[in-house]
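S.K.: pasting a predicted model and its sequence here:
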2 protein chains.
Amino acid sequence: MGWAIALHGAPATFHVLCRRSSASLVKPASATALTLASPLSKPISTPWMLSNSWVRFNVFRHDRDEASIMDGKTKKCGAVSGLSSVVNAVSLARLVMEKTPHIYLGFHGCEIADPYFITPENIIDYTQPIQKESNDADADAAVKIPNGDSQIGTVGCVAVDREGNLASATSTGGLVNKMEGRIGDSPIIGAGTYANISARSSLKEAAAYVIEQVPPSMAGLVAVSSTGEIAAVYNTAGMFRAFASEDGDSEIAIWDSPIKVSNYMPD
Amino acid sequence: MGWAIALHGAPATFHVLCRRSSASLVKPASATALTLASPLSKPISTPWMLSNSWVRFNVFRHDRDEASIMDGKTKKCGAVSGLSSVVNAVSLARLVMEKTPHIYLGFHGCEIADPYFITPENIIDYTQPIQKESNDADADAAVKIPNGDSQIGTVGCVAVDREGNLASATSTGGLVNKMEGRIGDSPIIGAGTYANISARSSLKEAAAYVIEQVPPSMAGLVAVSSTGEIAAVYNTAGMFRAFASEDGDSEIAIWDSPIKVSNYMPD
(Lines give C-alpha, C1' and ligand atoms only; values in the text may rest on other atoms or scores of the structure.)
Protein backbone atom coordinates (compact mmCIF):
# COMPACT_ATOMS: atom_id res chain seq x y z
CA MET A 1 0.00 0.00 0.00
CA GLY A 2 1.04 3.64 -0.37
CA TRP A 3 0.59 6.63 1.86
CA ALA A 4 -2.75 8.36 2.37
CA ILE A 5 -3.74 11.57 4.05
CA ALA A 6 -6.97 13.27 5.07
CA LEU A 7 -7.53 16.83 6.25
CA HIS A 8 -10.38 18.77 7.71
CA GLY A 9 -10.50 22.52 8.05
CA ALA A 10 -12.51 25.47 9.16
CA PRO A 11 -14.16 27.49 6.38
CA ALA A 12 -11.61 30.30 6.35
CA THR A 13 -8.61 28.02 6.48
CA PHE A 14 -9.88 25.55 3.97
CA HIS A 15 -8.87 27.36 0.82
CA VAL A 16 -5.34 27.33 2.23
CA LEU A 17 -5.59 23.59 2.81
CA CYS A 18 -6.86 23.01 -0.69
CA ARG A 19 -4.32 25.23 -2.37
CA ARG A 20 -1.49 23.51 -0.57
CA SER A 21 -2.78 19.99 -0.91
CA SER A 22 -1.44 19.62 -4.42
CA ALA A 23 1.87 21.31 -3.65
CA SER A 24 2.61 19.81 -0.26
CA LEU A 25 0.90 16.49 -0.22
CA VAL A 26 1.40 14.81 -3.54
CA LYS A 27 5.09 13.93 -3.31
CA PRO A 28 5.70 12.54 0.18
CA ALA A 29 6.32 8.99 -1.05
CA SER A 30 8.94 8.08 1.52
CA ALA A 31 7.76 10.34 4.32
CA THR A 32 6.73 8.85 7.64
CA ALA A 33 3.15 9.33 8.80
CA LEU A 34 4.44 11.71 11.47
CA THR A 35 6.15 13.87 8.89
CA LEU A 36 3.09 13.83 6.66
CA ALA A 37 1.10 15.18 9.60
CA SER A 38 3.76 17.64 10.74
CA PRO A 39 6.93 18.16 8.73
CA LEU A 40 9.65 19.05 11.20
CA SER A 41 11.55 20.71 8.38
CA LYS A 42 8.98 23.50 8.56
CA PRO A 43 10.17 25.92 11.21
CA ILE A 44 7.67 26.77 13.88
CA SER A 45 7.72 30.43 12.92
CA THR A 46 6.89 29.97 9.24
CA PRO A 47 3.26 29.57 8.18
CA TRP A 48 2.30 26.08 7.08
CA MET A 49 -0.82 24.15 6.29
CA LEU A 50 -1.86 23.44 9.86
CA SER A 51 -1.22 26.87 11.20
CA ASN A 52 -4.21 28.89 12.28
CA SER A 53 -4.27 31.61 9.70
CA TRP A 54 -7.80 32.38 10.84
CA VAL A 55 -7.27 34.30 14.04
CA ARG A 56 -9.72 33.93 16.94
CA PHE A 57 -9.34 36.65 19.51
CA ASN A 58 -10.34 35.98 23.08
CA VAL A 59 -12.08 38.49 25.32
CA PHE A 60 -8.81 40.40 25.72
CA ARG A 61 -8.23 40.42 21.94
CA HIS A 62 -5.37 37.99 22.33
CA ASP A 63 -5.02 35.15 19.89
CA ARG A 64 -4.44 31.91 21.80
CA ASP A 65 -3.79 28.86 19.65
CA GLU A 66 -3.39 25.24 20.65
CA ALA A 67 -2.50 21.97 18.96
CA SER A 68 -1.62 18.33 19.46
CA ILE A 69 0.05 15.49 17.60
CA MET A 70 0.23 11.73 18.14
CA ASP A 71 2.38 9.00 16.65
CA GLY A 72 0.25 5.88 16.22
CA LYS A 73 3.25 3.52 16.21
CA THR A 74 4.98 4.62 19.43
CA LYS A 75 1.87 6.23 20.98
CA LYS A 76 4.04 9.20 21.86
CA CYS A 77 2.21 12.49 21.80
CA GLY A 78 2.73 16.21 22.22
CA ALA A 79 0.44 19.15 22.84
CA VAL A 80 0.56 22.91 23.33
CA SER A 81 -1.95 25.52 24.48
CA GLY A 82 -2.13 29.27 24.87
CA LEU A 83 0.16 30.23 21.98
CA SER A 84 0.16 33.74 20.58
CA SER A 85 3.61 33.96 19.05
CA VAL A 86 3.92 30.56 17.33
CA VAL A 87 2.57 30.12 13.83
CA ASN A 88 2.95 26.37 13.42
CA ALA A 89 1.38 25.11 16.59
CA VAL A 90 1.51 21.49 15.40
CA SER A 91 5.24 21.71 14.76
CA LEU A 92 5.73 23.03 18.28
CA ALA A 93 3.59 20.16 19.64
CA ARG A 94 5.92 17.79 17.82
CA LEU A 95 8.93 19.48 19.45
CA VAL A 96 7.31 19.04 22.86
CA MET A 97 6.81 15.35 22.05
CA GLU A 98 10.34 14.76 20.80
CA LYS A 99 12.52 17.20 22.75
CA THR A 100 11.04 17.53 26.24
CA PRO A 101 10.33 15.05 29.05
CA HIS A 102 6.67 16.17 28.99
CA ILE A 103 3.65 15.68 26.75
CA TYR A 104 1.87 18.98 27.12
CA LEU A 105 3.10 22.54 27.66
CA GLY A 106 0.93 25.61 27.95
CA PHE A 107 0.99 29.37 27.80
CA HIS A 108 4.19 31.23 28.72
CA GLY A 109 5.96 27.87 29.13
CA CYS A 110 6.00 27.46 25.35
CA GLU A 111 5.82 30.99 24.05
CA ILE A 112 8.57 32.55 22.03
CA ALA A 113 8.15 36.25 21.43
CA ASP A 114 5.58 38.91 20.83
CA PRO A 115 2.07 38.05 19.69
CA TYR A 116 2.20 37.10 16.02
CA PHE A 117 -1.39 37.32 14.90
CA ILE A 118 -2.42 40.69 16.29
CA THR A 119 -2.53 43.03 13.31
CA PRO A 120 -4.78 46.04 12.69
CA GLU A 121 -6.65 44.07 10.01
CA ASN A 122 -7.33 41.15 12.33
CA ILE A 123 -8.61 43.42 15.07
CA ILE A 124 -11.06 45.11 12.70
CA ASP A 125 -12.23 41.77 11.27
CA TYR A 126 -13.04 40.43 14.70
CA THR A 127 -14.31 43.50 16.51
CA GLN A 128 -17.38 43.75 14.31
CA PRO A 129 -18.82 40.23 14.80
CA ILE A 130 -18.08 40.30 18.54
CA GLN A 131 -19.87 43.63 18.93
CA LYS A 132 -22.80 42.35 16.90
CA GLU A 133 -23.07 39.31 19.18
CA SER A 134 -22.85 41.45 22.29
CA ASN A 135 -25.72 43.59 21.03
CA ASP A 136 -27.90 40.65 20.05
CA ALA A 137 -30.15 40.68 23.11
CA ASP A 138 -32.39 37.85 21.88
CA ALA A 139 -29.58 35.35 21.46
CA ASP A 140 -28.91 32.67 24.03
CA ALA A 141 -25.19 32.88 24.63
CA ALA A 142 -24.92 29.30 25.85
CA VAL A 143 -26.50 27.96 22.66
CA LYS A 144 -24.68 30.35 20.36
CA ILE A 145 -21.17 29.27 21.16
CA PRO A 146 -21.31 25.68 19.91
CA ASN A 147 -23.48 26.42 16.89
CA GLY A 148 -22.11 29.73 15.68
CA ASP A 149 -20.32 29.13 12.41
CA SER A 150 -18.19 32.19 13.06
CA GLN A 151 -16.99 30.80 16.35
CA ILE A 152 -15.77 27.28 15.79
CA GLY A 153 -13.08 26.13 13.46
CA THR A 154 -10.29 23.64 13.80
CA VAL A 155 -7.91 22.11 11.29
CA GLY A 156 -6.73 18.55 11.45
CA CYS A 157 -4.69 16.04 9.56
CA VAL A 158 -4.43 12.25 9.72
CA ALA A 159 -1.86 10.31 7.71
CA VAL A 160 -0.74 6.75 7.07
CA ASP A 161 2.64 6.03 5.48
CA ARG A 162 3.85 3.15 3.28
CA GLU A 163 4.75 1.13 6.38
CA GLY A 164 1.23 1.36 7.78
CA ASN A 165 2.22 3.76 10.55
CA LEU A 166 -0.29 6.38 11.56
CA ALA A 167 -0.10 9.95 12.78
CA SER A 168 -2.68 12.56 13.66
CA ALA A 169 -2.43 16.30 14.29
CA THR A 170 -4.96 18.99 15.19
CA SER A 171 -4.64 22.75 15.54
CA THR A 172 -7.11 25.47 16.46
CA GLY A 173 -7.58 29.02 17.53
CA GLY A 174 -10.53 27.88 19.65
CA LEU A 175 -13.63 30.01 20.09
CA VAL A 176 -14.00 33.64 19.14
CA ASN A 177 -14.32 35.79 22.26
CA LYS A 178 -13.33 32.92 24.54
CA MET A 179 -12.21 33.63 28.08
CA GLU A 180 -8.51 34.19 28.67
CA GLY A 181 -6.90 30.83 29.42
CA ARG A 182 -9.63 28.71 27.81
CA ILE A 183 -8.33 25.31 26.72
CA GLY A 184 -10.45 23.34 24.27
CA ASP A 185 -10.53 19.74 23.12
CA SER A 186 -8.06 20.09 20.24
CA PRO A 187 -4.87 19.74 22.34
CA ILE A 188 -6.31 16.89 24.40
CA ILE A 189 -4.96 13.51 23.34
CA GLY A 190 -7.93 11.18 23.02
CA ALA A 191 -10.34 14.05 22.42
CA GLY A 192 -8.93 16.31 19.68
CA THR A 193 -6.28 13.92 18.38
CA TYR A 194 -5.63 10.19 18.52
CA ALA A 195 -3.50 7.67 16.65
CA ASN A 196 -2.94 4.00 17.41
CA ILE A 197 -1.88 1.31 14.97
CA SER A 198 -3.32 -1.37 17.28
CA ALA A 199 -6.96 -0.69 16.48
CA ARG A 200 -9.54 -3.18 17.67
CA SER A 201 -12.41 -2.14 15.41
CA SER A 202 -12.70 -1.23 11.76
CA LEU A 203 -12.09 2.37 10.66
CA LYS A 204 -15.75 2.75 9.73
CA GLU A 205 -16.99 1.41 13.09
CA ALA A 206 -14.54 3.53 15.08
CA ALA A 207 -15.43 6.74 13.24
CA ALA A 208 -19.16 6.09 13.59
CA TYR A 209 -18.81 5.26 17.29
CA VAL A 210 -17.00 8.51 18.06
CA ILE A 211 -19.52 10.70 16.28
CA GLU A 212 -22.43 8.93 18.03
CA GLN A 213 -21.08 10.10 21.40
CA VAL A 214 -21.31 13.78 20.45
CA PRO A 215 -24.46 15.95 20.45
CA PRO A 216 -25.81 16.92 16.99
CA SER A 217 -24.18 19.80 15.07
CA MET A 218 -21.10 19.65 17.25
CA ALA A 219 -18.39 17.55 15.64
CA GLY A 220 -16.63 16.07 12.66
CA LEU A 221 -13.52 13.99 12.17
CA VAL A 222 -11.18 12.56 9.56
CA ALA A 223 -9.56 9.17 10.03
CA VAL A 224 -7.17 6.80 8.31
CA SER A 225 -6.42 3.15 9.02
CA SER A 226 -3.07 1.39 8.89
CA THR A 227 -4.26 -0.39 5.74
CA GLY A 228 -4.73 2.95 3.97
CA GLU A 229 -8.49 3.41 4.27
CA ILE A 230 -9.81 6.96 4.67
CA ALA A 231 -13.00 8.11 6.38
CA ALA A 232 -14.62 11.43 7.26
CA VAL A 233 -17.76 11.68 9.39
CA TYR A 234 -19.55 14.69 10.88
CA ASN A 235 -22.89 15.58 12.42
CA THR A 236 -22.82 19.16 11.17
CA ALA A 237 -24.38 20.44 7.93
CA GLY A 238 -21.05 20.00 6.18
CA MET A 239 -17.33 19.75 6.79
CA PHE A 240 -14.43 21.12 4.80
CA ARG A 241 -12.29 18.12 4.00
CA ALA A 242 -9.63 16.91 1.59
CA PHE A 243 -8.10 13.53 0.80
CA ALA A 244 -5.05 12.37 -1.12
CA SER A 245 -3.24 9.08 -1.57
CA GLU A 246 -0.11 7.79 -3.27
CA ASP A 247 -2.00 6.32 -6.21
CA GLY A 248 -2.82 9.87 -7.32
CA ASP A 249 -6.37 10.09 -6.05
CA SER A 250 -7.26 13.38 -4.43
CA GLU A 251 -10.52 15.12 -3.64
CA ILE A 252 -11.94 18.12 -1.86
CA ALA A 253 -15.45 18.27 -0.39
CA ILE A 254 -17.62 20.49 1.76
CA TRP A 255 -21.18 19.14 1.72
CA ASP A 256 -22.59 15.66 1.80
CA SER A 257 -21.50 14.59 -1.69
CA PRO A 258 -20.18 11.10 -2.50
CA ILE A 259 -16.40 10.86 -2.24
CA LYS A 260 -14.75 9.12 -5.18
CA VAL A 261 -11.21 8.43 -3.95
CA SER A 262 -10.65 4.69 -4.14
CA ASN A 263 -9.70 4.05 -0.53
CA TYR A 264 -12.54 6.14 0.97
CA MET A 265 -14.94 4.28 3.27
CA PRO A 266 -18.44 5.74 2.93
CA ASP A 267 -20.62 6.12 6.06
CA MET B 1 -28.14 2.38 49.26
CA GLY B 2 -26.20 5.11 51.03
CA TRP B 3 -23.33 7.31 49.94
CA ALA B 4 -19.77 6.02 49.53
CA ILE B 5 -16.48 7.75 48.92
CA ALA B 6 -12.95 6.69 48.03
CA LEU B 7 -9.76 8.75 48.08
CA HIS B 8 -6.22 8.29 46.94
CA GLY B 9 -3.32 10.48 47.88
CA ALA B 10 0.36 11.11 47.54
CA PRO B 11 2.48 10.12 50.54
CA ALA B 12 2.88 13.62 51.94
CA THR B 13 -0.74 14.57 51.50
CA PHE B 14 -2.15 11.33 52.79
CA HIS B 15 -1.97 12.07 56.48
CA VAL B 16 -4.06 15.15 55.72
CA LEU B 17 -6.57 13.00 53.87
CA CYS B 18 -6.73 10.53 56.73
CA ARG B 19 -7.01 13.13 59.43
CA ARG B 20 -9.85 14.82 57.64
CA SER B 21 -11.66 11.72 56.54
CA SER B 22 -13.37 11.30 59.89
CA ALA B 23 -14.18 14.99 60.24
CA SER B 24 -15.24 15.79 56.70
CA LEU B 25 -16.58 12.58 55.30
CA VAL B 26 -18.66 10.85 57.90
CA LYS B 27 -21.74 13.08 57.94
CA PRO B 28 -22.59 13.93 54.34
CA ALA B 29 -25.83 11.92 54.34
CA SER B 30 -27.81 14.19 52.07
CA ALA B 31 -24.89 15.61 50.05
CA THR B 32 -24.78 15.11 46.31
CA ALA B 33 -21.89 13.14 44.82
CA LEU B 34 -20.55 16.39 43.38
CA THR B 35 -20.51 18.04 46.77
CA LEU B 36 -18.89 14.98 48.34
CA ALA B 37 -16.11 15.31 45.77
CA SER B 38 -15.87 19.11 45.96
CA PRO B 39 -17.92 21.03 48.52
CA LEU B 40 -18.64 24.43 47.00
CA SER B 41 -19.09 25.81 50.48
CA LYS B 42 -15.32 25.61 50.83
CA PRO B 43 -13.90 28.83 49.39
CA ILE B 44 -11.18 28.40 46.81
CA SER B 45 -8.68 30.24 48.96
CA THR B 46 -9.07 28.09 52.08
CA PRO B 47 -7.16 24.81 52.35
CA TRP B 48 -9.27 21.70 51.99
CA MET B 49 -8.76 17.99 51.62
CA LEU B 50 -7.97 18.02 47.93
CA SER B 51 -5.67 20.98 47.99
CA ASN B 52 -2.05 20.32 47.18
CA SER B 53 -0.39 20.90 50.49
CA TRP B 54 2.66 19.16 49.09
CA VAL B 55 4.22 21.79 46.87
CA ARG B 56 6.01 20.79 43.67
CA PHE B 57 8.18 23.53 42.29
CA ASN B 58 8.90 23.65 38.59
CA VAL B 59 12.26 24.60 37.10
CA PHE B 60 11.59 28.25 37.91
CA ARG B 61 10.61 27.39 41.50
CA HIS B 62 7.00 28.22 40.77
CA ASP B 63 4.30 25.97 42.11
CA ARG B 64 1.84 25.17 39.32
CA ASP B 65 -1.18 23.13 40.37
CA GLU B 66 -3.96 21.66 38.28
CA ALA B 67 -7.22 19.83 38.86
CA SER B 68 -10.41 18.54 37.30
CA ILE B 69 -13.89 17.47 38.31
CA MET B 70 -16.68 15.59 36.56
CA ASP B 71 -20.35 15.07 37.34
CA GLY B 72 -21.34 11.53 36.33
CA LYS B 73 -25.03 12.38 36.00
CA THR B 74 -24.86 15.40 33.67
CA LYS B 75 -21.37 14.58 32.30
CA LYS B 76 -20.45 18.22 32.85
CA CYS B 77 -16.83 18.76 33.75
CA GLY B 78 -14.37 21.45 34.71
CA ALA B 79 -10.60 21.69 34.77
CA VAL B 80 -7.83 24.14 35.64
CA SER B 81 -4.06 24.20 35.06
CA GLY B 82 -1.12 26.39 35.96
CA LEU B 83 -2.38 27.64 39.32
CA SER B 84 -0.04 29.20 41.81
CA SER B 85 -2.38 31.35 43.86
CA VAL B 86 -5.36 29.02 44.34
CA VAL B 87 -5.37 26.55 47.21
CA ASN B 88 -8.45 24.51 46.37
CA ALA B 89 -7.83 23.70 42.74
CA VAL B 90 -10.79 21.28 42.63
CA SER B 91 -13.17 23.95 43.90
CA LEU B 92 -11.94 26.27 41.15
CA ALA B 93 -12.43 23.50 38.59
CA ARG B 94 -16.01 23.22 39.83
CA LEU B 95 -16.49 26.97 39.38
CA VAL B 96 -15.19 26.69 35.81
CA MET B 97 -17.71 23.89 35.21
CA GLU B 98 -20.66 25.72 36.73
CA LYS B 99 -19.99 29.42 36.11
CA THR B 100 -18.20 29.72 32.77
CA PRO B 101 -19.12 28.74 29.19
CA HIS B 102 -15.91 26.67 29.05
CA ILE B 103 -14.65 23.38 30.49
CA TYR B 104 -10.98 24.12 30.99
CA LEU B 105 -9.08 27.29 31.90
CA GLY B 106 -5.35 27.58 32.34
CA PHE B 107 -2.63 29.76 33.77
CA HIS B 108 -3.22 33.53 34.07
CA GLY B 109 -6.79 33.02 32.82
CA CYS B 110 -7.73 31.48 36.17
CA GLU B 111 -5.21 32.95 38.58
CA ILE B 112 -6.21 35.18 41.43
CA ALA B 113 -3.31 36.83 43.18
CA ASP B 114 0.26 36.29 44.25
CA PRO B 115 1.75 32.80 44.43
CA TYR B 116 0.38 31.08 47.52
CA PHE B 117 2.70 28.18 48.08
CA ILE B 118 6.09 29.86 47.77
CA THR B 119 7.42 30.13 51.30
CA PRO B 120 11.03 30.01 52.55
CA GLU B 121 10.37 26.55 54.06
CA ASN B 122 9.04 25.16 50.79
CA ILE B 123 12.00 26.49 48.82
CA ILE B 124 14.47 24.82 51.19
CA ASP B 125 12.53 21.54 51.19
CA TYR B 126 12.65 21.35 47.42
CA THR B 127 16.02 22.81 46.60
CA GLN B 128 17.87 19.92 48.22
CA PRO B 129 16.29 16.98 46.34
CA ILE B 130 16.49 18.85 43.02
CA GLN B 131 20.17 19.61 43.51
CA LYS B 132 20.80 16.00 44.49
CA GLU B 133 19.10 14.79 41.31
CA SER B 134 21.05 17.26 39.19
CA ASN B 135 24.30 15.92 40.63
CA ASP B 136 23.39 12.29 40.18
CA ALA B 137 25.33 11.67 36.99
CA ASP B 138 24.50 7.95 36.85
CA ALA B 139 20.78 8.42 36.83
CA ASP B 140 18.73 8.22 33.67
CA ALA B 141 16.55 11.29 33.76
CA ALA B 142 13.94 9.84 31.45
CA VAL B 143 13.46 6.82 33.68
CA LYS B 144 13.67 8.73 36.92
CA ILE B 145 10.74 11.02 36.38
CA PRO B 146 7.94 8.46 36.27
CA ASN B 147 9.40 6.20 38.95
CA GLY B 148 10.80 8.69 41.44
CA ASP B 149 8.67 8.56 44.55
CA SER B 150 9.68 12.11 45.34
CA GLN B 151 8.39 13.35 42.00
CA ILE B 152 4.89 12.01 41.51
CA GLY B 153 1.91 12.55 43.70
CA THR B 154 -1.71 13.28 42.97
CA VAL B 155 -4.78 13.28 45.16
CA GLY B 156 -8.16 12.14 43.98
CA CYS B 157 -11.68 11.53 45.19
CA VAL B 158 -14.62 9.57 43.80
CA ALA B 159 -18.05 9.63 45.39
CA VAL B 160 -21.53 8.18 44.93
CA ASP B 161 -24.53 9.70 46.69
CA ARG B 162 -27.81 8.18 47.93
CA GLU B 163 -29.39 8.72 44.51
CA GLY B 164 -26.67 6.75 42.74
CA ASN B 165 -25.10 9.81 41.15
CA LEU B 166 -21.35 9.83 40.73
CA ALA B 167 -18.64 12.47 40.84
CA SER B 168 -14.88 12.39 40.52
CA ALA B 169 -12.19 14.99 41.27
CA THR B 170 -8.40 14.98 40.95
CA SER B 171 -5.78 17.52 41.96
CA THR B 172 -2.02 17.61 41.64
CA GLY B 173 1.09 19.70 41.78
CA GLY B 174 2.53 17.60 38.97
CA LEU B 175 6.20 16.69 38.80
CA VAL B 176 8.97 18.22 40.85
CA ASN B 177 11.25 20.30 38.65
CA LYS B 178 8.85 20.14 35.72
CA MET B 179 9.21 22.61 32.87
CA GLU B 180 7.29 25.86 33.11
CA GLY B 181 3.89 25.34 31.52
CA ARG B 182 3.87 21.57 31.85
CA ILE B 183 0.33 20.15 31.89
CA GLY B 184 -0.14 16.61 33.14
CA ASP B 185 -2.93 14.05 32.97
CA SER B 186 -4.75 15.08 36.16
CA PRO B 187 -6.76 17.94 34.61
CA ILE B 188 -7.58 15.95 31.49
CA ILE B 189 -11.14 14.60 31.52
CA GLY B 190 -10.95 10.94 30.54
CA ALA B 191 -7.34 10.63 31.70
CA GLY B 192 -7.06 12.04 35.23
CA THR B 193 -10.76 12.14 36.04
CA TYR B 194 -13.91 10.50 34.75
CA ALA B 195 -17.47 9.96 35.95
CA ASN B 196 -20.42 8.50 34.09
CA ILE B 197 -23.51 6.87 35.57
CA SER B 198 -24.14 5.04 32.28
CA ALA B 199 -21.39 2.48 32.67
CA ARG B 200 -21.31 -0.45 30.31
CA SER B 201 -19.06 -2.74 32.32
CA SER B 202 -18.78 -3.68 35.98
CA LEU B 203 -16.71 -1.51 38.32
CA LYS B 204 -14.17 -4.30 38.74
CA GLU B 205 -13.81 -4.86 34.97
CA ALA B 206 -13.54 -1.13 34.24
CA ALA B 207 -10.86 -0.54 36.91
CA ALA B 208 -8.84 -3.55 35.77
CA TYR B 209 -9.09 -2.51 32.12
CA VAL B 210 -7.75 0.97 32.81
CA ILE B 211 -4.77 -0.22 34.81
CA GLU B 212 -3.89 -2.80 32.14
CA GLN B 213 -3.36 0.03 29.63
CA VAL B 214 -0.64 1.68 31.72
CA PRO B 215 3.02 0.63 31.98
CA PRO B 216 4.05 -0.99 35.30
CA SER B 217 4.79 1.24 38.32
CA MET B 218 3.00 4.16 36.74
CA ALA B 219 -0.58 4.40 37.94
CA GLY B 220 -3.30 3.81 40.47
CA LEU B 221 -6.96 4.72 40.68
CA VAL B 222 -9.96 4.71 42.98
CA ALA B 223 -13.45 4.10 41.63
CA VAL B 224 -17.06 3.89 42.79
CA SER B 225 -20.13 2.55 41.01
CA SER B 226 -23.64 3.97 41.03
CA THR B 227 -24.69 0.97 43.16
CA GLY B 228 -22.20 1.96 45.86
CA GLU B 229 -19.35 -0.45 45.16
CA ILE B 230 -15.80 0.79 45.80
CA ALA B 231 -12.57 -0.31 44.10
CA ALA B 232 -8.92 0.72 44.18
CA VAL B 233 -6.32 -0.71 41.80
CA TYR B 234 -2.69 0.23 41.18
CA ASN B 235 0.40 -1.19 39.52
CA THR B 236 2.80 0.53 41.92
CA ALA B 237 4.23 -1.01 45.12
CA GLY B 238 1.45 0.60 47.12
CA MET B 239 -1.09 3.41 47.04
CA PHE B 240 -2.31 5.67 49.82
CA ARG B 241 -6.07 5.23 49.86
CA ALA B 242 -9.09 5.66 52.10
CA PHE B 243 -12.71 4.55 51.91
CA ALA B 244 -15.88 5.47 53.77
CA SER B 245 -19.56 4.73 53.35
CA GLU B 246 -22.85 5.71 54.97
CA ASP B 247 -23.18 2.44 56.87
CA GLY B 248 -20.22 3.51 59.00
CA ASP B 249 -17.49 1.47 57.35
CA SER B 250 -14.22 3.30 56.84
CA GLU B 251 -10.68 2.19 56.20
CA ILE B 252 -7.24 3.49 55.36
CA ALA B 253 -4.59 1.50 53.48
CA ILE B 254 -1.17 1.91 51.91
CA TRP B 255 0.17 -1.52 50.96
CA ASP B 256 -1.48 -4.57 49.45
CA SER B 257 -3.53 -5.56 52.49
CA PRO B 258 -7.11 -6.92 52.25
CA ILE B 259 -9.72 -4.16 52.51
CA LYS B 260 -12.57 -4.97 54.88
CA VAL B 261 -15.20 -2.33 54.07
CA SER B 262 -18.35 -4.18 53.06
CA ASN B 263 -18.86 -2.61 49.62
CA TYR B 264 -15.22 -2.97 48.52
CA MET B 265 -14.63 -5.04 45.36
CA PRO B 266 -11.31 -6.89 45.62
CA ASP B 267 -9.10 -7.21 42.52
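M.R.: Structure received.

S.K.: alongside chain B, which residues does chain A contribute?
M.R.: Residues of chain A lying close to chain B (Cβ under 8 Å from any Cβ of the partner chain) are A:79, A:81-82, A:100-110, A:141-142, A:145, A:178-184, A:188-191. C-beta here means a position set from N, CA and C on the backbone, and glycine is covered the same way.

S.K.: looking at chain A, which helix or strand is least sure?
M.R.: helix A:141-147 (a mean of 39; mean pLDDT, DSSP states H and E).

S.K.: next structured bit after that one?
M.R.: Using DSSP states H and E, the next helix or strand after helix A:141-147 towards the C-terminus is strand A:154-160.

S.K.: buried stuff in that next one?
M.R.: Within strand A:154-160, the residues that count as buried by 16 or more other Cβ atoms under 10 Å in any protein chain shown are A:T154, A:V155, A:G156, A:C157, A:V158, A:A159, A:V160.

S.K.: same check, this time on stretch A:187-205
M.R.: Buried positions in stretch A:187-205, judged by neighbour count with 16+ other Cβ under 10 Å: A:187-189, A:191-197, A:199, A:203-204.

S.K.: take those and lay them out in a markdown table including secondary structure and pLDDT.
M.R.: Formatted as a markdown table, these follow (DSSP: H, G, I helix; E, B strand; the rest coil; pLDDT from 0 to 100):
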| residue | secondary structure | pLDDT |
| --- | --- | --- |
| A:P187 | coil | 94 |
| A:I188 | coil | 95 |
| A:I189 | strand | 95 |
| A:A191 | coil | 93 |
| A:G192 | coil | 92 |
| A:T193 | strand | 94 |
| A:Y194 | coil | 95 |
| A:A195 | coil | 95 |
| A:N196 | coil | 94 |
| A:I197 | coil | 94 |
| A:A199 | coil | 82 |
| A:L203 | helix | 95 |
| A:K204 | helix | 93 |
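
S.K.: next, count neighbours for the residue of the stretch 151-267 of chain A found nearest chain B.
M.R.: Nearest residue of the stretch 151-267 of chain A to chain B (Cβ to the nearest Cβ) works out as A:G181 at 1.5 Å. Here the number of neighbours of A:G181 (other Cβ atoms under 10 Å in any protein chain shown) works out to 26.

S.K.: pretty sure it sits against B:F107.
M.R.: Yes. Using Cβ atoms under 8 Å, A:G181 makes contact with B:F107 at a distance of 5.6 Å.

S.K.: which residues do these two both contact?
M.R.: Common neighbours of A:G181 and B:F107 are listed as A:G82, A:F107, B:G82 (criterion: Cβ atoms under 8 Å, 6 or more residues apart in numbering or on different chains).

S.K.: adding secondary structure, pLDDT and distance to A:G220, write these out as JSON lines.
M.R.: What follows is these, written out as JSON lines (DSSP: H, G, I helix; E, B strand; the rest coil; pLDDT from 0 to 100; distance: Cβ to Cβ, whole Å):
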{"residue": "A:G82", "secondary structure": "strand", "pLDDT": "90", "distance to A:G220": "24"}
{"residue": "A:F107", "secondary structure": "helix", "pLDDT": "89", "distance to A:G220": "28"}
{"residue": "B:G82", "secondary structure": "strand", "pLDDT": "90", "distance to A:G220": "30"}
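
S.K.: narrow the residues you listed to those that are buried.
M.R.: Taking 16+ other Cβ under 10 Å as the criterion, what is buried in the shared contacts of A:G181 and B:F107 is A:G82, A:F107, B:G82.

S.K.: show the contacting residues for the first one.
M.R.: Which is A:G82. A:R64, A:E66, A:G106, A:F107, A:H108, A:C110, A:E111, A:G181, A:I183, B:G106, B:F107, B:G181.

S.K.: so who does the last one touch?
M.R.: In this case it means B:G181. Contact analysis of B:G181 by Cβ under 8 Å, 6+ apart lists A:G82, A:L105, A:G106, A:F107, A:H108, A:G109, A:C110, B:R64, B:G82, B:F107.

S.K.: pipe those residues into JSON lines and attach distance to B:N235 per row.
M.R.: Listed next are the contacts of B:G181 as JSON lines, based on distance: Cβ to Cβ, whole Å:
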{"residue": "A:G82", "distance to B:N235": "33"}
{"residue": "A:L105", "distance to B:N235": "27"}
{"residue": "A:G106", "distance to B:N235": "28"}
{"residue": "A:F107", "distance to B:N235": "32"}
{"residue": "A:H108", "distance to B:N235": "35"}
{"residue": "A:G109", "distance to B:N235": "29"}
{"residue": "A:C110", "distance to B:N235": "31"}
{"residue": "B:R64", "distance to B:N235": "27"}
{"residue": "B:G82", "distance to B:N235": "29"}
{"residue": "B:F107", "distance to B:N235": "32"}
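
S.K.: against B:V80, how distant is the residue of the stretch 151-267 of chain A closest to chain B?
M.R.: A:G181 sits 9 Å away from B:V80, going by Cβ to Cβ, to the nearest Å.

S.K.: got the phi and psi for A:L95?
M.R.: Per-residue torsions, A:L95: phi -60, psi -40 (degrees, to the nearest 10).

S.K.: returning to what we had before: what's the farthest-apart pair in the buried residues of stretch A:187-205?
M.R.: Within these, A:P187 and A:K204 form the most distant pair, 26.8 Å apart (Cβ to Cβ).

S.K.: helices of the stretch 101-250 of chain A, start to end?
M.R.: With DSSP state H, counting those that start in this stretch as the criterion, the stretch 101-250 of chain A has helices at A:120-135, A:141-147, A:203-212.

S.K.: mean pLDDT lowest where, among the ones you listed?
M.R.: With a mean of 39, helix A:141-147 has the lowest mean pLDDT of the helices of the stretch 101-250 of chain A.

S.K.: perfect, that will be all.
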